[in-house]
Structure formats: structure tokens, C-alpha cells
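Colleague: Turn this into a model:
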Amino acid sequence: MKHPHRYDLPKGHMEPGETEHQTALRELLEETGIQSSDIDIDPNFRFENTYYPKYKRFGGETVKKTLVIFLARLKSDSTKVIPSEHQHFEWCTWNSFQPS
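Modeller: Okay, the predicted model is just below:
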């Protein structure tokens with residue numbers, strides 16, 4: 001999905017009691033309108049990246065963030081995407097992502 005100056009994935013913070021998968025499915029629905037019944041999740045794919053950005057809104061404080069990515073495929077090409085928090089979306093494969 002596209003923000004004004006960068007591309008991003010549907011993501012967000014885990015709510016208390018949620019698993020990683022539950023968080024991913026909730027965020028996918030909230031940000032794209034895609035329901036869990038519309039996708040098949042690859043059980044063999046899990047990518048994790050930990051990074052330490054500085055946040056201006058926290059006075060330049062460095063914060064530890066961990067991003068977990070799952071791979072899913074739509075069950076139907078006719079699934080509609082309704083981006084609620086982003087200007088635009090674009091489909092890409094894991095290996096061929098090229099921002100436009």
C-alpha cells in the first residue's frame with residue numbers, strides 16, 4: 001500500500017491476547033477489507049525483522065520494533081481491495097517488488 005512517500009504492508013500492533021496470525025488477519029481486514037476466508041496463508045513462510053527507528057513524536061527516542069510478515073494468496077482474482085488507510089495499493093511478488 002502506498003503512503004505519500006513510501007510503500008508499506010498492512011501491519012499494526014498486537015492487541016492483548018492476540019497471536020501473530022490473529023494480528024495479521026485483523027490488520028489485513030482493517031486496512032484492505034480482505035477477509036481471512038478470502039486467502040490461503042502459506043504455513044511455511046514467516047519473515048521477521050527487528051529494527052530500531054527514532055521517533056520524532058517521542059522526542060527522538062529509539063524504539064525497538066519487530067515486523068513479522070506472512071505470505072498469503074487470494075483464493076479468487078475477483079477479491080476487492082478497499083484501502084482504508086492508504087492512498088493506493090499495488091500487487092507484487094516477494095522477489096520482484098519494485099516501487100514505482
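Colleague: Just the buried positions in stretch 23-37, please.
Modeller: Judged by neighbour count (16 or more other Cβ atoms under 10 Å), stretch 23-37 contains these buried residues: Thr23, Ala24, Leu25, Arg26, Glu27, Leu28, Leu29, Glu31, Thr32, Ile34. Just so you know, the C-beta spots here come from the backbone N, C-alpha and C atoms, and that holds for glycine as well.
Colleague: Mind checking which of those residues are in helices?
Modeller: Among the buried residues of stretch 23-37, DSSP state H puts Thr23, Ala24, Leu25, Arg26, Glu27, Leu28, Leu29, Glu31, Thr32 in helices.
Colleague: Paired strands for the lowest-mean-pLDDT helix or strand in the chain, with orientation please.
Modeller: Among the helical and strand segments of the chain, the one scoring lowest on mean pLDDT, DSSP states H and E is strand 54-55, with a mean of 87. Strands flanking strand 54-55 in the sheet, each with its direction: strand 61-62 (antiparallel) (DSSP bridges).
Colleague: What mean pLDDT does the very next helix or strand once past the strand it pairs with get?
Modeller: Tracing the chain C-terminally past strand 61-62 and defining elements by DSSP states H and E, one meets strand 65-74 next. This predicted structure assigns strand 65-74 an average pLDDT of 92.
Colleague: Name every strand pairing with strand 65-74 and say which way it goes.
Modeller: Take DSSP bridges as the rule and strand 65-74 pairs in its sheet with strand 39-51 (antiparallel).
Colleague: farthest residue from the center of this structure?
Modeller: Outermost residue of the chain with respect to the C-alpha centroid, by Cα atoms, centre = their mean, is Gly59; its distance is 26.1 Å.
Colleague: Need the buried residues of stretch 23-37 in CSV (columns: pLDDT and distance to Leu71).
Modeller: CSV is the format used below for the buried residues of stretch 23-37 (pLDDT from 0 to 100; distance: Cβ to Cβ, whole Å):
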residue, pLDDT, distance to Leu71
Thr23, 96, 16
Ala24, 96, 11
Leu25, 96, 13
Arg26, 96, 17
Glu27, 93, 15
Leu28, 92, 12
Leu29, 92, 17
Glu31, 89, 17
Thr32, 89, 15
Ile34, 92, 14
